[in-house]
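K.L.:
have a look; sequence and predicted model below, questions after that.
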Amino acid sequence: LRAGRMAFEVLDRRLVARNEWRNTTNTFQGLRAVLGEPRNDWQLDLLALRPIDRETSGLDEADPDRRFLGVLGAWRRRADIATLQPYWLRLDQDASADGPRRRIDTLGLRAFGTAGDTGLDYDLHAAWQTGRDGSLNHRSFFGVAEFGYSAPWPWSPRLSAQYLQAGGDADPLDGRSNRFERLFGFARPLSANDYFQLENLRAPKLRLELAPAPWLRVDAGWNRYWLDSATDRWNNAGLRDPTGASGRDVGRELDARARVTVGHVTATAGYAWFEPGRFTVATSGRSSPSNFLYLELYLTAFR
């Protein structure tokens, strides 16, 4: 049983994560009770929390207008084939200057595992949302399927393919809210440029991972992005065409990174190239690709 302020990650960081890429992280205040351990056949995680508001001056405080509740389960009796994670999450938000009264329930199921000694692995995750967003009925969906193969060769190569879809709002005037509520997830795995969030998105991905040495890991990926609804927003870029005439094609991205670990320090060097698609060019006028180079240093001396 934990009480107080805490940061944690569940469900592969897609809906609740620390978000290590930015300067601040998702933090909560309240109660968390965990029954069972990762080595047990089953586990139950109970949440009754308030998100922490990050203040630019003064101490951070728990948000008085938002409550985050959840029940997350894990069944591992046949973990050699599949681990199942059913869950329910609720974001309950009072009306305030930041937005209308909202209550969004998320029901989901994640299943992941390996296919014996074949080198094949998979991760399947689907979630449905219902509730109210101001005066609108909220209904939305999120799903992702990933399949990978690890070859028994030098450098331990793993090749994976993924397809992700998160709902967008097709018509802002139809009395329904269909944009997926991303809650407190870590968005950067969707894009090395950090261009996308878990909403109004269709995104296939191919990725190759290598381990040339115990202290060195290298990976590279190809990503493609479309809007789920052509009339809804691309939030990170602040772009939207309510008519849908600009289409869905947001663009494509190539990325690569190398991670070197020496003792308690991990250094990561990465590069990402993004080429705008039809929607981006039509709504922003931007047609030239972007180039993003970054370097990270990560210290784990106190773990």
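P.N.:
Cool, got the structure.

K.L.:
wait, what's in contact with the closest residue to residue 29 other than its chain neighbours?
P.N.:
In this structure, residue 29 finds its nearest non-sequential neighbour in residue 62, 4.2 Å apart by Cβ to Cβ, 6 or more residues apart in numbering. Glycine gets a C-beta too; all of them are placed from N, C-alpha and C. By Cβ atoms under 8 Å, 6 or more residues apart in numbering, the contact list for residue 62 reads 29, 30, 50, 51, 52, 53.

K.L.:
now the buried members of those.
P.N.:
29, 30, 50, 51, 52 (16 or more other Cβ atoms under 10 Å).

K.L.:
can you pull the phi/psi pair for the first one?
P.N.:
Going back to what we said before, that points to residue 29. When read as degrees, to the nearest 10, the backbone of residue 29 gives phi -130, psi 130.

K.L.:
do you know the pLDDT at it?
P.N.:
Note on residue 29: pLDDT of 98.

K.L.:
can you pull up the bridge partners for it?
P.N.:
residue 5, residue 50 (DSSP bridges).

K.L.:
pretty sure it contacts residue 4?
P.N.:
Yes - at 6.8 Å, residue 29 counts as touching residue 4 under the criterion of Cβ atoms under 8 Å.

K.L.:
what sits against the closest residue in space to residue 61 that isn't next to it in sequence?
P.N.:
Among residues not flanking residue 61 along the chain, residue 53 sits closest, at 5.7 Å (Cβ to Cβ, 6+ apart). Residue 53 sits next to 60, 61, 62, 63 when contact means Cβ under 8 Å, 6+ apart.

K.L.:
quick check, pLDDT for the closest residue to residue 65 other than its chain neighbours.
P.N.:
Spatial nearest neighbour of residue 65, chain neighbours left out: residue 94 (4.3 Å); criterion: Cβ to Cβ, 6+ apart. With respect to pLDDT, residue 94 scores 95.

K.L.:
ok, residue 94 touching residue 100?
P.N.:
No - with contact defined as Cβ under 8 Å, residue 94 does not count as touching residue 100 (9.4 Å).

K.L.:
returning to what we had before: which pair of the contacts of residue 62 spans the longest distance?
P.N.:
Using Cβ to Cβ, the pair of those lying farthest apart is 30 and 53, separated by 13.9 Å.

K.L.:
still on that earlier bit, which pLDDT value goes with the residue nearest to residue 61?
P.N.:
Residue 53 carries a pLDDT score of 92 in this model.

K.L.:
nearest to residue 83, of the contacts of residue 62?
P.N.:
When the contacts of residue 62 are compared against residue 83 (criterion: Cβ to Cβ), the nearest one is residue 30, at 26.6 Å.

K.L.:
which outside residues touch the helix or strand encompassing residue 218?
P.N.:
Element membership of residue 218 [criterion: DSSP states H and E] is strand 216-226. By Cβ under 8 Å, 6+ apart, the surrounding residues in contact with strand 216-226 are 190-192, 195-196, 201-212, 248-261, 277.

K.L.:
residues near residue 139, how many?
P.N.:
Using other Cβ atoms under 10 Å, residue 139 has 14 neighbouring residues.

K.L.:
Three-state assignment for the nearest residue to residue 25 once chain neighbours are set aside, please.
P.N.:
Excluding its sequence neighbours, the residue lying closest to residue 25 (Cβ to Cβ, 6+ apart) is residue 18, at 4.5 Å. Secondary structure, DSSP: H, G, I helix; E, B strand; the rest coil: residue 18 is coil.

K.L.:
you'd agree residue 18 is up against residue 10?
P.N.:
No - applying Cβ under 8 Å, one finds residue 18 not in contact with residue 10, separated by 10.8 Å.
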